[in-house]
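Undergrad: here is my input, please return the structure:
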Amino acid sequence: MRRLKVLTWHVHGSYLYNLVQAPHDFYLPVKPGKPEGYGGRSGHFPWPDNVFDVPAEDVKSDAYDLILYQSHKNYLIDQYEILSPAQREQPRIYLEHNTPRPSPTDTPHPVDDPRVLLVHCSYFNEVMWDNGKTPTMVVQHGVLVPPDLKWNGELARGITVVNGLAKRGRLAGADIFLAMRRQIPIDIAGMGTEKFGGLGDLPHRRLHETESRYRFFFNPIRYTSLPLSVLEAMALGLPVVALATTEVPRAVPNGEAGFVSNNREELAEGMRRLIADPGLAKKLGTRARAIAQETYGIERFVRDWSMAFEKAMALGC
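TA: Predicted coordinates:
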């Protein structure tokens with residue numbers, strides 16, 4: 001298809017960095033002080049040349065081919081503040097990053113419009129949201145990690161990567177992480193993790209370099225979309241230990257690419273086995289890396305997003 005001018009907001013930096021690998025031009029509205037959604041080309045990412053910052057007050061006077069919403073705030077508030085009436089009727093996609101709340105089964109999605117394409121990032125999310133009359137499509141995650149980095153597992157420890165663990169509480173498995181850390185050596189990285197004696201928010205490259213030294217990756221999150229951090233760890237070659245919730249069992253076959261269970265004792269035993277047996281960790285991590293390349297590779301991700309853009313353009317005509 002032809003190259004598109006896509007206006008979107010900076011909501012999840014890691015996802016956005018992967019998305020902009022698509023052969024289109026992406027425009028990010030910015031505001032002074034970089035409030036939520038208006039950070040533009042910020043963070044630790046090496047943004048490519050097809051990503052542009054645009055002052056939020058100039059958006060109405062610019063021309064775009066497609067509007068891509070990425071949060072409820074984008075759709076319910078931001079569009080009425082920075083878009084013109086004509087822009088609000090252009091081809092539109094709503095990218096839903098999250099699982100439905102407060103009810104996992106009976107929450108209507110805020111978009112209920114047959115002219116908008118609702119893209120879910122997992123099959124779990126698509127089947128759990130009440131999507132109303134909005135057409136849906138699943139684009140599974142794509143991950144991009146430095147090709148020169150590979151797992152060596154020299155540290156007989158696990159690592160967890162979760163942003164805002166303290167604030168997100170039980171949803172993100174703060175209690176599970178702390179309980180496991182009392183019996184298994186596990187470090188943690190991510191925004192705000194200094195509160196737990198963690199490594200903090202590491203630059204993207206440095207985070208991947210750090211992860212590659214650990215024996216396994218532990219994901220304690222109870223209820224969220226499939227975390228990109230899990231897939232990035234797999235792409236580096238780390239075996240994954242995780243709760244068997246949401247899309248994780250599909251991404252991480254139990255006993256094949258790691259250990260997945262809702263039984264905490266089984267999870268702890270899996271971690272102990274990986275610490276005691278580097279050969280087992282290498283075997284499971286090699287399979288995890290293959291799954292990441294086969295199912296969550298950036299090339300497939302870009303192809304699927306091109307299909308989504310085409311579908312949205314057709315709906316908006």
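Undergrad: the bottom helix or strand of this protein by mean pLDDT?
TA: When the helices and strands of the chain are scored by mean pLDDT, DSSP states H and E, helix 165-168 comes last with a mean of 90.
Undergrad: return the list of helices and strands in contact with the helix or strand following that one.
TA: Using DSSP states H and E, the helix or strand that follows helix 165-168 in sequence is helix 174-181. Under the contact definition 3 or more C-beta pairs under 8 Å, 6 or more residues apart in numbering; DSSP states H and E, helix 174-181 sits against helix 165-168, strand 186-189, helix 264-276. Where you see a C-beta, it was placed from the backbone N, CA and C, and this is true even at glycine.
Undergrad: can you tell me the average pLDDT over the longest one?
TA: The predicted model gives helix 264-276 an average pLDDT of 98.
Undergrad: gap between it and the chain center?
TA: Here helix 264-276 is found 26 Å from its chain centre; the criterion is C-alpha atoms, centre = their mean, to the nearest Å.
Undergrad: can you dump the C-alpha atoms of that helix in CSV for me?
TA: The C-alpha coordinates for helix 264-276 follow below in CSV (Å, rounded to 0.1, in the frame of the first residue of the first chain):
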residue,chain,number,x,y,z
ARG,A,264,3.2,-21.2,43.2
GLU,A,265,5.1,-24.3,44.4
GLU,A,266,5.4,-25.5,40.8
LEU,A,267,6.7,-22.1,39.8
ALA,A,268,9.3,-22.0,42.6
GLU,A,269,10.4,-25.6,41.8
GLY,A,270,10.8,-24.6,38.1
MET,A,271,13.0,-21.7,39.2
ARG,A,272,15.1,-24.0,41.4
ARG,A,273,15.6,-26.4,38.5
LEU,A,274,16.7,-23.7,36.2
ILE,A,275,19.2,-22.3,38.7
ALA,A,276,20.6,-25.8,39.4
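Undergrad: quick one, helices of this protein?
TA: 13-19, 72-73, 79-82, 123-128, 165-168, 174-181, 204-211, 228-236, 248-251, 264-276, 278-295, 298-316 (DSSP state H).
Undergrad: ranking those by burial, who's on top?
TA: helix 228-236 (a mean of 26; mean count of other C-beta atoms under 10 Å).
Undergrad: residues contacting it, please?
TA: The contact list for helix 228-236 (C-beta atoms under 8 Å, 6 or more residues apart in numbering) reads 12, 14-15, 18, 141, 143, 145, 149-151, 159, 161-162, 190, 208, 211-212, 217, 219, 240, 242, 248, 251-252, 257, 285, 288-289, 291-293, 296.
Undergrad: returning to what we had before: which among the helices and strands packed on helix 174-181 is found nearest to residue 136?
TA: Closest to residue 136 of these, according to C-beta to C-beta: helix 165-168, at 26.2 Å.
Undergrad: other SSEs contacting the closest one?
TA: helix 174-181.
Undergrad: if I pick the residue nearest to residue 59 when sequence neighbours are not counted, what's in contact with it?
TA: Closest residue in space to residue 59, ignoring its immediate chain neighbours: residue 82 at 4.7 Å, by C-beta to C-beta, 6 or more residues apart in numbering. Residues in contact with residue 82 (C-beta under 8 Å, 6+ apart) are 29, 56-57, 59-60.
Undergrad: with residue 239 as the reference, measure out to residue 82.
TA: 44 Å (C-beta to C-beta, to the nearest Å).
Undergrad: report pLDDT for residue 144.
TA: So residue 144 comes in at 88 (pLDDT).
Undergrad: oh, I was asking about residue 317
TA: Confidence score, pLDDT, at residue 317: 61.
Undergrad: and the pLDDT at the spatially most central residue of the chain?
TA: Closest residue to the average C-alpha location of the chain: residue 228 at 3.9 Å, with C-alpha atoms, centre = their mean. Note for residue 228: predicted pLDDT of 94.
Undergrad: same check on residue 164?
TA: At residue 164, pLDDT is 91.
Undergrad: nearest residue to it other than its sequence neighbours?
TA: The nearest residue in space to residue 164 (C-beta to C-beta, 6+ apart) is residue 192, at 5.2 Å.
Undergrad: what about that neighbour, distance to residue 167?
TA: Counting by C-beta to C-beta - residue 192 and residue 167 are separated by 7 Å.
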